[in-house]
Each structure stands twice: as structure tokens, then as C-alpha cells.
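1. Structure for the following, please:
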Amino acid sequence: MEGDRSWMYRRRNEMGYWNNQFDVGVESFLDFAFSQINSMFCAKNMIRCPCTQCWNREWHHRPKVRVHLIKNGFMDGYLIWDKHREIMGRK
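-> Sure thing, here's the model as predicted:
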């Protein structure tokens with residue numbers, strides 16, 4: 001997955017309204033993470049949840065991860081998705 005990931009930490013725009021780029025980015029993240037089926041990164045159709053509450057420690061199904069990310073946002077500094085099979089230097 002390539003590109004600017006500043007959307008990960010901008011759930012709201014500068015006027016305080018919901019940022020649609022965040023929704024699109026969350027779906028892109030989920031598509032990437034759940035494409036790793038049958039690996040140590042996606043087991044039993046669950047992934048580690050990178051929200052601020054779970055910090056990649058809890059495993060959840062896609063709908064729950066989406067809700068957590070919308071509600072809580074991404075954990076700080078998770079720009080390389082190494083817990084979701086992204087290799088450093090190959091975004």
C-alpha cells in the first residue's frame with residue numbers, strides 16, 4: 001500500500017466536520033489487512049485491531065475493527081502496518 005497516510009490521524013477536518021478521507025482510508029486499510037488471509041496476520045478472518053484502545057493486542061473481525069477505528073482512531077505512530085504484513089520500506 002502506497003501513499004500519504006496523514007489521513008490516519010485526521011478523523012475530522014480543520015472545521016471539525018467528519019473527514020471523508022478517513023473513511024476511505026479505513027476501508028483501504030481493512031482491504032489490505034484482510035487480504036492476508038491464512039497467514040499469521042489474518043487468522044480465522046480476524047486481524048489485530050490498531051485502534052487506540054486495542055493497540056494491536058486484540059484480534060477482531062472486520063466490522064468490529066472498523067467501528068473501533070472510527071470511534072477511537074489509529075494508535076499513534078502506526079504508519080507502517082507491520083502487524084498486518086506490510087514490510088518496512090515497501091509501503
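
2. quick one: the strands in the chain?
-> 47-48, 59-60 (DSSP state E).

3. distance between the first one and the chain's centre?
-> If you compare the mean C-alpha spot of strand 47-48 with that of the full chain, they lie 9 Å apart, counting by C-alpha atoms, centre = their mean, to the nearest Å.

4. which residues touch Glu58?
-> With contacts defined as C-beta atoms under 8 Å, 6 or more residues apart in numbering, Glu58 is in contact with 48-49. Yep, even glycine has a C-beta here, placed from its N, CA and C like the rest.

5. For stretch 70-87, buried residues please.
-> 73-75, 78, 81, 83-84, 86 (16 or more other C-beta atoms under 10 Å).

6. Show the contacting residues for the residue of the chain positioned farthest from its centre.
-> Outermost residue of the chain with respect to the C-alpha centroid, by C-alpha atoms, centre = their mean, is Met15; its distance is 23.7 Å. Listed by C-beta under 8 Å, 6+ apart, Met15 has no contact partners.

7. Dihedrals phi and psi, it?
-> Dihedral pair for Met15: phi -90, psi 0, per degrees, to the nearest 10.

8. Find the residue at the geometric middle of this protein.
-> Closest-to-mean residue, the chain, C-alpha atoms, centre = their mean: Phe29 / 4.8 Å.

9. That one and Met15: what is the separation?
-> 24 Å (C-beta to C-beta, to the nearest Å).

10. what do you get for Arg85?
-> In terms of C-beta to C-beta, Arg85 sits 36 Å off from Met15.

11. Kindly report the same for Leu30.
-> Leu30 is 26 Å from Met15, by C-beta to C-beta.

12. ditto for Trp55
-> Distance from Trp55 to Met15, counting by C-beta to C-beta: 30 Å.
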